[in-house]
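*Asks:* predicted coordinates and the sequence they were generated for:
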Amino acid sequence: MTSTFSSNDLQVLRNRTFDEIAVGDRASIERTLTAADIQLFAAMSGDINPQHIDAEFAASTRFQGVIAHGMWGAALISAVLGTRLPGPGTIYIGQTLEFHAPVRVGDTLTVDVTVLSRDEAKHRLVLECRCTNQDGKVVIRGEASVLAPTERIERPRGTLPQVRIALAHGDDLVRLIQYVQPLGRIRMAVAHPCDAVSLSAALDARAAGLIEPVLVGPRERLDAVARQANLSIAGLEIEDVPHSHAAAARAVELAVKGGVDALMKGSLHTDELMGAVVASPLRTGRRMSHCFVMQTPAYPRPFIITDAAVNIAPTLPAKADIVRNAIDLAHAFGVARPRVAILAAVETVNPDMPATLDAAALCKMADRGQIEGAVVDGPLAFDNAVSAAAARTKGIVSSVAGAADILVVPDLESGNMLAKQLEYLGGAASAGIVLGARVPIVLTSRADSREARIASCAVALVAARRLGPRAGAGVEASSGPGGLAPAAIVNPPAPATPELQP
């Protein structure tokens, strides 16, 4: 007899006694592996084998990516025995296991146990145990020996506690800094850092070995802010200008003349700095756009969201440049062919939904070589872009679905909400820069954490060093990546599983 699910199973946990069980009886559960499952298992067991938790190391192994702990599947077998067949009251006696194939994030396992034999005298059962993935491949096989319960047990089903894995943001920042420091500091003009938050950000990035800041603003105000916040700006280069508008203009002038490698927004309005950039020779034929580099516990790799800060309602040509800028940044981090998901509310082209039409056009542009250096697919709904299981359920066959490195949003509103939801509700760590000008630009927000500001400077350093003095700058909007040839990083991930590093 096969154990089937009923609505009452949500409320009651019940067993089957030895006398109720016959040879051939079967029960099963189904479970889709998530990145959080791997993290929880590592935290619980202490097994921090880098094959399971270090994406960069895992990409260099025979499995070409992160895989689940083998005993995670074994734990699912235990769950079937303890909750379904025989159920509560079961006592484990022995278990054999054979591991035939790896289990990856997004794989869905069907975990079956089937009764092979009964020992009437000892009330023992031997059960065949099998874990099969969504492709019908057996990944784990074995036999369990259990002592079956002899009395009926029926209890209200308990609820599991909510467990949330928080990213160790400090550790992530340390790894990022260690990764970029060998590239050497860049000179960064900090426009009008006339409050403690923006001035501290510049000093923190300097202390981390990322930048050599050039403070552009009224010297008297800078000195006053430093005194009030107990900060030292002794020895720093200061460009004394009277007000924020002049600070934006002078910072841009320094970049135009090659005096600095990047720009950073201080306490002035974003429009002031970006207006000065747009009106200067820093502007190129490439549309400028913002890239958030994010990492969340629910996803196995860092990824880029674009554009969530600059282009309000981008046209198709603007979206093409937004995609190119993000691809350039992924290349700077060593991803040879990033997977680009063009997001929309649905995964089918609908004439009434302009975002789906733009997505289809962008994919065709990539097919024709107008967008180079990446695998582009869309339209993809958000769930399909980040979840292989969701894509599989909807019958989507795509090398991007479930493994996107870049998420291209339809407009600024949707992108800004997505990024902030991931940060505030999803525990994501983030950093962001603007590309498309001749130098990268760090646009900080008053709500940004110290870590986010430092990380943004680190991303700008990578862009400035790896993409050169014309970071993200195409010659014409239709000319593709503009001849950029970003250098390969040390030990880049295997092509089969590209991902942002570190």
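*Replies:* Looks like it came in fine.

*Asks:* does residue 187 touch residue 211 like I think?
*Replies:* Yes: assessed by Cβ atoms under 8 Å, residue 187 is found in contact with residue 211 at 7.2 Å. Placement of C-beta: from N, CA and C, glycine included.

*Asks:* need the overlap of contacts for the two.
*Replies:* Counting by Cβ atoms under 8 Å, 6 or more residues apart in numbering, the contacts common to residue 187 and residue 211 are residue 262.

*Asks:* of these two, who's got more company?
*Replies:* A count of neighbours by other Cβ atoms under 10 Å puts residue 211 above the other of residue 187 and residue 211, at 30 against 17.

*Asks:* what sits closest to that one if chain neighbours are left out?
*Replies:* Distances taken as Cβ to Cβ, 6 or more residues apart in numbering put residue 188 closest to residue 211, at 4.2 Å, once the chain neighbours are dropped.

*Asks:* now residue 304
*Replies:* residue 406 (4.6 Å).

*Asks:* before we move on, the earlier item: quick check, the residue nearest to residue 211 in contact with residue 460.
*Replies:* Yes: using Cβ under 8 Å, residue 188 and residue 460 qualify as a contacting pair, with a distance of 7.1 Å.

*Asks:* shared neighbours of the two, anything?
*Replies:* 211, 262, 264, 442.

*Asks:* following the lowest-mean-pLDDT helix or strand in the chain, which helix or strand comes up?
*Replies:* Across the helices and strands of the chain, mean confidence by mean pLDDT, DSSP states H and E is lowest for helix 169-180: a mean of 71. Using DSSP states H and E, the helix or strand that follows helix 169-180 towards the C-terminus is strand 186-191.

*Asks:* any weak-confidence spans in this structure?
*Replies:* For the chain, residues meeting the criterion pLDDT under 70 lie at 1-10, 162-173, 469-502.

*Asks:* which helices and strands does the helix or strand residue 253 falls within pack with?
*Replies:* Assigned by DSSP H and E, residue 253 belongs to helix 244-256. If contacts are counted by 3 or more Cβ pairs under 8 Å, 6 or more residues apart in numbering; DSSP states H and E, helix 244-256 sits against strand 186-191, strand 211-217, strand 237-240, strand 262-265, helix 270-278.

*Asks:* quick check: buried residues in that helix?
*Replies:* Neighbour-count burial for helix 244-256 flags 244, 245, 246, 247, 248, 249, 250, 251, 252, 253, 254, 255 (criterion: 16 or more other Cβ atoms under 10 Å).

*Asks:* which single one of these is nearest to residue 30?
*Replies:* residue 255 (55.4 Å; Cβ to Cβ).

*Asks:* where does the nearest residue to the closest one once chain neighbours are set aside fall, secondary structure wise?
*Replies:* Using Cβ to Cβ, 6+ apart and skipping residues adjacent in sequence, the residue nearest residue 255 is residue 439, 4.9 Å away. Using DSSP H and E, residue 439 maps to neither a helix nor a strand.

*Asks:* how about the nearest residue to residue 103, chain neighbours excluded?
*Replies:* Among residues not flanking residue 103 along the chain, residue 68 sits closest, at 4.2 Å (Cβ to Cβ, 6+ apart).

*Asks:* who's in contact with that neighbour?
*Replies:* By Cβ under 8 Å, 6+ apart, residue 68 lies in contact with 33, 37, 38, 41, 52, 102, 103, 104, 105, 107.

*Asks:* make it 6 Å
*Replies:* Residue 68 makes contact with 33, 38, 103, according to Cβ atoms under 6 Å, 6 or more residues apart in numbering.

*Asks:* ChimeraX command for the buried members of the residues you listed?
*Replies:* Per 16+ other Cβ under 10 Å, the buried members of the contacts of residue 68 correspond to this ChimeraX selection:
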select :33,38,103
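
*Asks:* among the contacts of residue 68, find me the one that's closest to residue 288.
*Replies:* In terms of Cβ to Cβ, no member of the contacts of residue 68 lies closer to residue 288 than residue 38, at 37.6 Å.

*Asks:* could you verify that that closest one is part of a strand?
*Replies:* No: the assignment for residue 38, made by DSSP: H, G, I helix; E, B strand; the rest coil, is helix rather than a strand.

*Asks:* quick one: it and residue 312, what's the gap?
*Replies:* To residue 312, residue 38 is 38 Å away according to Cβ to Cβ, to the nearest Å.

*Asks:* can you tell me the SS state at residue 155?
*Replies:* Secondary structure, three-state DSSP: residue 155 is strand.

*Asks:* ok, now which ones touch it?
*Replies:* Applying Cβ under 6 Å, 6+ apart, one finds that residue 155 lies in contact with residue 13.

*Asks:* just the strands in the stretch 1-150 of the chain please.
*Replies:* Taking DSSP state E, counting those that start in this stretch, the strands of the stretch 1-150 of the chain run over residues 12-14, 26-32, 91-99, 108-119, 124-132, 138-147.

*Asks:* of all those strands, which one is nearest residue 467?
*Replies:* Closest of the strands of the stretch 1-150 of the chain to residue 467 is strand 26-32, at 37.6 Å (criterion: Cβ to Cβ).

*Asks:* show me what the closest one is packed up against.
*Replies:* Strand 26-32 sits against helix 70-83, strand 108-119, with contacts defined as 3 or more Cβ pairs under 6 Å, 6 or more residues apart in numbering; DSSP states H and E.

*Asks:* what angle sits between that strand and strand 108-119?
*Replies:* 160 degrees (axes from the mean of the first three to the mean of the last three Cα atoms, to 10 degrees).

*Asks:* grab the nearest non-local neighbour of residue 414.
*Replies:* Excluding its sequence neighbours, the residue lying closest to residue 414 (Cβ to Cβ, 6+ apart) is residue 343, at 7.7 Å.

*Asks:* so that neighbour sits against residue 409, correct?
*Replies:* Yes: contact status for residue 343 versus residue 409: in contact at 5.4 Å, counting by Cβ atoms under 6 Å.

*Asks:* most centrally placed residue in the protein?
*Replies:* By Cα atoms, centre = their mean, the mean C-alpha position of the chain lies nearest to residue 302, the distance being 3.3 Å.

*Asks:* please report phi then psi for residue 304.
*Replies:* Reported as degrees, to the nearest 10, the phi and psi values for residue 304 are phi -110, psi 130.

*Asks:* let me know whether it touches residue 326 as I believe.
*Replies:* Yes: the pair residue 304 / residue 326 is scored as a contact, 5.1 Å apart, by Cβ under 6 Å.

*Asks:* who's more crowded, the two?
*Replies:* More crowded of residue 304 and residue 326, by other Cβ under 10 Å: residue 326, with 29 against 25.
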